[in-house]
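Asks: could you work out the structure for the sequence below:
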Amino acid sequence: MEKFEILRPVGRLEQYSTSRHQVGFYLNVAVSATYFLPETFVLPVKDYVYQACEAAIAEHPSLSAIVADDHTQDPYFVRLPEINLDQVVSFQDRKPGLLGTEANGEPAPDLDLQTLLATQHNMPFKAPNPLWRLCILLDVEDERQFTAAFVYHHAIGDGTSGKAFHQTFLRALGAMDSPDQTKSIVKSPGLPLLPNIELVHPMSLSFLYLAKKIFQAKIYSRRPTGLWTGSKVLAPSQTRLRLVPFSKLLVSTIRDRCRAEGTTITALLQTIIARSIFAHIPPEFALLACTGALSSRRWLPDVITDESMGVWVQDYEETYSRATVAPSDGSFPWAEARRSRKTIQSVLKMEGANASPSLLQFVDDFQEELCLSKVGKDRDKSFEVSNVGVLEPQTNPELPSIKGMVFSQCASVMGNAIEVSAVTGGDGCLVLAISWQQGVVEADLVNQVIESTKQELYNIEVVALEFIFGSCYQVGGESAITPAAESWGNQTSEKSHQFPFAQLLFFFSSDNISTFNMIRDPYIVPALTKHTATVIMAHGLGDTGAGWVSLAQTWRRRGKFNEVAFVFPNAPEIPITINFGSRMPGWYDISKLGGDLTLEESISSQDEPGILRSREYFDSLIKKEINNGIKPSRIILGGFSQGGAMSVFAGITQKEKLGGVFGLSCYMLLSDRIKNYMPEEWANKKTPFFLAHGLEDAVVPFSSGKASAAKLKEIGLENVSFNEYEGLGHSATPEEVDDLENFIEKALAQGEGNVSAGL
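Replies: Residues are numbered from 1 along each chain as shown. The predicted structure follows:
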């Protein structure tokens, strides 16, 4: 590389990344964005992408810089004379039908992008190729939509740099009337590299801070008792990745609740991740060590802005204890989220003083001291939350725009056991990219942490809506709104451009008396018009009613079921055998579970006392609706998995004739003795029953669902439909939700004229 123009030495913070990359301990970071082109863009996407890349290369000199002598302690940047876009830009088609929403109305993860990033985060850069790649996912169903994954070496950019690249790329797209002839070879600009942080910041260290760090590094550093950090440091690395998206509605609601609680989304995420990890690791682990990342740009000279590409970042540390983050009373520890915010604020006030990047001046051998010497030893950090903030949306419909955005990182061999990278795109949706090193953390644990994190956020969303609309009340089966609440709601609707106020009206039922085991009151979504019908939907094992509230939101958005109140009950926390006897929300105990379990084996191990107790509770929910003036024929009972199984059982044995019963991914309970619990005058013999099941369900086998449907017909039910879905596991799909919507519409229409003997 002697023939290339020498730019400048690699800075110490930049060298931290060149050394990690050189030994294979940290390979790259990525920021991905989904672009929408207006109708005036009629040329192939490749033409626009190449033109925009040329503009980005011209503006950011780091895109034409590579590292020389990165195996030494004196690496330096050189400039490539030109860049061949055919070598750094790739195109591939998306698989149709993978994008969409979950059954609860939340966005589904982008599995095409997840697969692409998981591959890219395991691919190093090789000289003399550029230190970045741009991977384009083409939407075969919409030629003017594409996703661009910008994957780059951490020595040429931090997380904010990835956003900066896309902002440049977007401006370049918007400036094109019609692209010139597409060029594959782009000449590098003559611009100098922007200065590294050591050249523009004093990097000051107080005597006490420096003495403490030297003592810990050179003399003695005690590992806290009960600290969980995954396995010991292992090499080589294989990155695993999952994307976890959240809707604009959830994000805006959570943000408002954080403001009311005196904290921020970043601090809240740290607290929730800690709670979620504690929930799934052995109780002897009582501490978690968290790190976060902060952009240093805010206190650097004006030449460096949020739209510059380079490495100007520092970290901070936070510790969480099981006792304070996961209190025994089950309440959410907002005090911990506030404490975390104060930690971040205190670091910001230091303006880069006493920051860990300043200690790199004392490192003699980056590869050995910071990387190789750590192999086989305990790591000192549990998880990281790195949030690069929000991309401001483009609102001009005549210009290209960015909607979704994802910030992701490879696993760090000697770093945190779990990496959580966050960004909110122009569509207002937050995406968490969870990455971990294979062998350091088990995939099952990460999946459990992800599900707990999602549930925590869903729960806070529902509670936040009740918190925000605390001045709302319900009278005579119709929603009523106080002037103050209506005014607030109108302001929110105008600001968010999402949903009218009435469609956000959620509150907890306050007068429901639990029938057993101190069960929590249901979540209720009131009817928007006169309340004439009710849908009761029960969740599955380990979930709560909040997990399905967004299903009502989905139908509200579609203008469906405005006369319907939705009731989402909460199962009590009971000992569950397959959970090693630990308590979790469940309608009854389960001692066996899995894809190899037949329906007959399932029946023999069913918890009959627990099933009967839950049936009494389901009956009380139905009775309450009837007492409120709702005809039984206008009540729909259903649920998912365990909740679906309970709903089918309660529907069969219910004395009142219901409007309909549905069960998703479920099975029949006590089928060998169910006739013992059926009333003499069987009211629901002709009631429509809707069963739905995925062919790939590994939790409740498809064969059990199909056999259950046959059993229902065998005992005499005359209106049973069984719907099957290819490629679906133990979850729900938009197609299934559409079918359920049609079922409820028909069932309510049939029940319109029916009058129960009970009224």
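
Asks: how is this protein partitioned into domains?
Replies: Structural domains of the chain, as assigned by the TED database, span the residue ranges 5-208+228-303+310-390+399-467, 523-751.

Asks: weakest of these by average pLDDT?
Replies: Among those, domain 523-751 has the lowest mean pLDDT, at a mean of 90.

Asks: kindly check the end-to-end length of stretch 279-290 for me.
Replies: 16 Å (Cα to Cα, to the nearest Å).

Asks: then stretch 377-390?
Replies: Stretch 377-390 end-to-end distance (Cα to Cα) = 37 Å.

Asks: list of residues touching it?
Replies: Outside stretch 377-390, the residues within contact range by Cβ atoms under 8 Å, 6 or more residues apart in numbering are 31, 159-160, 162-163, 223, 227-230, 232-233, 265-266, 269-270, 273-274, 277, 288-293, 295, 407, 409, 414-424. The way it works is simple: take the backbone N, C-alpha and C, and place the C-beta from them, glycine included.

Asks: and if you look at stretch 36-49?
Replies: For stretch 36-49, the external contacting residues (Cβ under 8 Å, 6+ apart) are 89, 91, 134, 136, 138, 143-146, 148, 173, 176, 178-179, 182, 397-403.

Asks: in helices, which of those residues fall?
Replies: Judged by DSSP state H, the contacts of stretch 36-49 include L173 as members of helices.

Asks: I'd say W682 and G716 touch.
Replies: Yes - counting by Cβ atoms under 8 Å, G716 is a contact partner of W682 at 7.4 Å.

Asks: the closest residue to T532 other than its chain neighbours and N387, how far apart?
Replies: Take T532 and drop its neighbours on the chain: the residue closest to it by Cβ to Cβ, 6 or more residues apart in numbering is E563, 4.7 Å away. Separation of E563 from N387 (Cβ to Cβ, to the nearest Å): 41 Å.

Asks: between these two, which one's more packed in?
Replies: A count of neighbours by other Cβ atoms under 10 Å puts N387 above the other of E563 and N387, at 23 against 14.

Asks: what about the more buried one, which SS state?
Replies: Classification of N387 using DSSP: H, G, I helix; E, B strand; the rest coil returns strand.

Asks: for it, give the beta-bridge partners.
Replies: A422 (DSSP bridges).

Asks: hang on, A118 in a helix?
Replies: Yes - the assignment for A118 is a helix, going by three-state DSSP.

Asks: please name the bridge partners of I83.
Replies: Following DSSP bridges, I83 is listed with bridge partners V186.

Asks: so it sits right up against S184, yeah?
Replies: No - I83 is not in contact with S184 according to Cβ under 8 Å; the separation is 9.3 Å.

Asks: which one's more surrounded, these two?
Replies: Ranked by neighbour count (other Cβ under 10 Å), I83 and S184 place I83 first, with 22 against 12.

Asks: what distance do you get for that one to Q51?
Replies: 14 Å.

Asks: what's the answer for L137, then?
Replies: In terms of Cβ to Cβ, L137 sits 19 Å off from Q51.

Asks: now E563
Replies: According to Cβ to Cβ, E563 stands 53 Å off from Q51.

Asks: list the residues that contact the nearest residue to K187 once chain neighbours are set aside.
Replies: Closest residue to K187 apart from its sequence neighbours, by Cβ to Cβ, 6+ apart: E82 at 5.3 Å. Going by Cβ under 8 Å, 6+ apart, E82 touches 185-188.
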